[in-house]
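# Sharing a model prediction with you, sequence too.
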Amino acid sequence: MAAARDAGAEVRSLGIARDSLDFVGVNYYTRAHLRFVTRPPYLEFLYRDPLRRGLTDIGWELYPEGFTQGLLSTRRYGLPVWVTENGIADAGDSKRPPYIVNHVLRTAIHRSRQLNLR
C-alpha cells in the first residue's frame, strides 16, 4: 500500500464491491522466468525452454502445467471459472493442435474434479 501512495495513487476501500464477483476469469498463455540482477531495473524477464518442448512463434515456452496451476488457484474464490483467454502464436499451425488438445483435456480433468469450470 505504501508504494501505491508514494506513486500518487489514492487507496480506499470499496465496500460495495466486496463479494460482488460473479465468476473468475483465467487468461493463460505461458510462464515467464524472472532473474534478479545487480543493474536497473534489477530484474530480467525471460522466456526459456528448459523442458525442450519448443517455443511459440514469439518465443514463449509451451507449458500447459501453468494452465493447470492457474485453474487450481481459482478454487479459493468458490466461484464459476471462465477461461477468457488462451492460445498460441503458431503461423504454421504445427503446434496449435496439440496445444489445444492438451489444454482442453486439462479443462475436462478439472471439471471432473469439481472445479466449476465453464
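That came through fine.

# quick one: the strands in the protein?
24-28, 33-36, 43-46, 81-86 (DSSP state E).

# quick one: which of those is nearest residue 68?
strand 24-28 (9.4 Å; Cβ to Cβ). For glycine as for every other residue, the C-beta is placed from the backbone atoms N, C-alpha and C.

# Save the strands of the chain as TSV, and put in mean neighbour count, mean pLDDT and distance to residue 94 too.
Converted to TSV, the strands of the chain look like this (neighbours: other Cβ atoms under 10 Å; pLDDT from 0 to 100; distance: least, Cβ to Cβ, whole Å):
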stretch	mean neighbour count	mean pLDDT	distance to residue 94
strand 24-28	15	95	21
strand 33-36	9	88	24
strand 43-46	10	85	24
strand 81-86	16	94	18
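
# Turn these into TSV, including distance to residue 100.
TSV is the format used below for the strands of the chain (distance: least, Cβ to Cβ, whole Å):
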stretch	distance to residue 100
strand 24-28	13
strand 33-36	24
strand 43-46	26
strand 81-86	9
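
# For residue 117, find the nearest of those.
Residue 117 sits nearest to strand 81-86 of all these, at 4.9 Å, using Cβ to Cβ.

# Which strands and helices lie in contact with that closest one?
If you count contacts as 3 or more Cβ pairs under 8 Å, 6 or more residues apart in numbering; DSSP states H and E, strand 81-86 packs onto strand 24-28, helix 64-72.

# Kindly export it (C-alpha atoms) in PDB.
Extracted C-alpha coordinates of strand 81-86, given in PDB (Å, rounded to 0.1, in the frame of the first residue of the first chain):
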ATOM      1  CA  VAL A  81     -14.300 -20.200 -13.600                       C
ATOM      2  CA  TRP A  82     -14.300 -19.000 -17.200                       C
ATOM      3  CA  VAL A  83     -11.200 -19.400 -19.400                       C
ATOM      4  CA  THR A  84     -11.300 -16.000 -21.000                       C
ATOM      5  CA  GLU A  85      -8.100 -16.100 -23.000                       C
ATOM      6  CA  ASN A  86      -5.800 -19.000 -24.000                       C
END
